[in-house]
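**Q** Sequence first, predicted model second:
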Amino acid sequence: MERPIESLDADFACFACSQTNERGLRLRFWELDDGVVECRWTAPAHVCGFETVVHGGIQATLLDETMGYAVNLAAGGGEVNLATVELQVRFRRPCPVGLPIVVRAVVTGRDGRDLTAEAAIHDEAGERLTVGTARWRILDGELSAR
């Protein structure tokens with residue numbers, strides 16, 4: 001079972017997830033039963049880096065934002081003040097412009113105010129194109145028991 005996740009961008013125009021930012025990616029997210037957060041998206045041509053390949057910075061944004069939603073859920077959801085403090089990306093295969101892709105992220109650990117996550121961009125056949133890991137920090141508040 002999956003459920004859509006409300007945008008965390010209620011008061012500002014986030015480049016990645018705002019549905020009102022005309023120049024943004026307008027990403028949407030779903031929570032899956034196994035704790036995975038998923039984003040389904042088709043990259044428009046204007047985000048290419050080289051001809052039909054999604055720009056590496058946009059790929060990093062896809063991974064970071066999807067991990068951010070997973071971390072937010074693991075930290076209790078809602079208005080938790082979080083920030084990426086470390087992000088690593090590995091480009092394995094070209095990520096196509098104009099074809100559906102799926103980004104999946106999951107929280108892999110907790111240490112005090114820090115949470116770690118991993119994510120991957122998959123093509124339609126399920127092949128991993130780009131992978132990433134990140135460390136996030138809760139800037140205020142406490143981690144929930146979730």
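**A** On my side now, so go ahead. For clarity, every value in this text was computed on a predicted model and none was experimentally measured.
**Q** alpha carbons only for contacts and neighbour counts from here, please
**A** Noted.
**Q** Just the residues contacting stretch 19-26, thanks.
**A** 13, 14, 15, 16, 17, 18, 27 (CA atoms under 8 Å, 6 or more residues apart in numbering).
**Q** go with 6 Å
**A** Around stretch 19-26, the neighbours that count as contacts under CA atoms under 6 Å, 6 or more residues apart in numbering are 13, 15, 16, 17, 18.
**Q** Can you tell me which of those are buried?
**A** 13, 15, 16, 17, 18 (16 or more other CA atoms under 10 Å).
**Q** Could you find the closest non-adjacent residue to the third one?
**A** I take that to be residue 16. residue 25 (4.9 Å; CA to CA, 6 or more residues apart in numbering).
**Q** now do residue 42
**A** Nearest to residue 42 is residue 100, by CA to CA, 6+ apart, at 4.4 Å.
**Q** so how many other residues sit close to the one you found?
**A** Neighbour count of residue 100, defined by other CA atoms under 10 Å: 14.
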